[in-house]
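>>> 3D, please:
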Amino acid sequence: MTDEDVLEDVAALLEDDCARTILAATSTRPMTAKELTDHCDVSGPTIYRRIEDLDELDLIEVRTRLDTESGHHEKLYAATLSEVSVTLREGAFEVSVDRREPIADRFTRLVEGM
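The predicted model follows:
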């Protein structure tokens with residue numbers, strides 16, 4: 001994927017109010033789709049479409065948590081995006097998308113380092 005492709009994909013996604021709200025909300029704490037539906041005041045299908053779009057660009061990670069009351073698992077979503085920068089240099093755009101390392105990757109790196 002070229003810088004121009006990344007710029008177009010990320011810019012198109014960040015243009016969407018719902019996607020931005022999901023990223024902002026999940027940057028403070030992981031949230032379920034239900035919590036995001038309530039927080040964003042949009043339908044469940046809309047939330048799942050935006051989550052899928054964000055996941056395709058690795059801007060959000062999916063975690064699984066056991067619901068101790070029901071015994072079922074639930075998915076939590078956490079933003080991995082920390083910064084997007086666009087630089088115009090010598091007639092060309094350069095795009096940098098900085099992401100936080102997903103918790104699973106940090107754990108794996110910790111275990112491998114032992």
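
>>> is it true that Arg50 touches Cys18?
Yes - counting by C-beta atoms under 8 Å, Arg50 does reach Cys18; the two are 5.1 Å apart. To be clear about C-beta, it is placed using only N, CA and C from the backbone, and glycine gets the same treatment.

>>> compare neighbour counts for the two and give me the winner.
Remark: of Arg50 and Cys18, Arg50 carries more neighbours, 24 against 19, as counted by other C-beta atoms under 10 Å.

>>> just to be sure, that one is in a strand?
No - remark: Arg50 does not belong to a strand; assigned using DSSP: H, G, I helix; E, B strand; the rest coil, it is helix.

>>> tell me the contacts of it?
Neighbouring residues of Arg50 by C-beta atoms under 8 Å, 6 or more residues apart in numbering: 16, 18-19, 22.

>>> mark which of these are buried, thanks.
Restricting those to buried positions leaves 18-19, 22, with burial counted as 16 or more other C-beta atoms under 10 Å.

>>> what would the residues you listed look like in JSON lines with secondary structure?
Listed next are those as JSON lines, based on three-state DSSP:
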{"residue": "Cys18", "secondary structure": "helix"}
{"residue": "Ala19", "secondary structure": "helix"}
{"residue": "Ile22", "secondary structure": "helix"}
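
>>> now do the helices in this protein.
Counting by DSSP state H, one finds helices in the chain at the ranges 3-14, 17-26, 33-40, 44-56, 103-112.

>>> most remote residue from this protein's center?
Computed with C-alpha atoms, centre = their mean, the maximum C-alpha offset from the centroid of the chain is found at Glu90, amounting to 31.1 Å.
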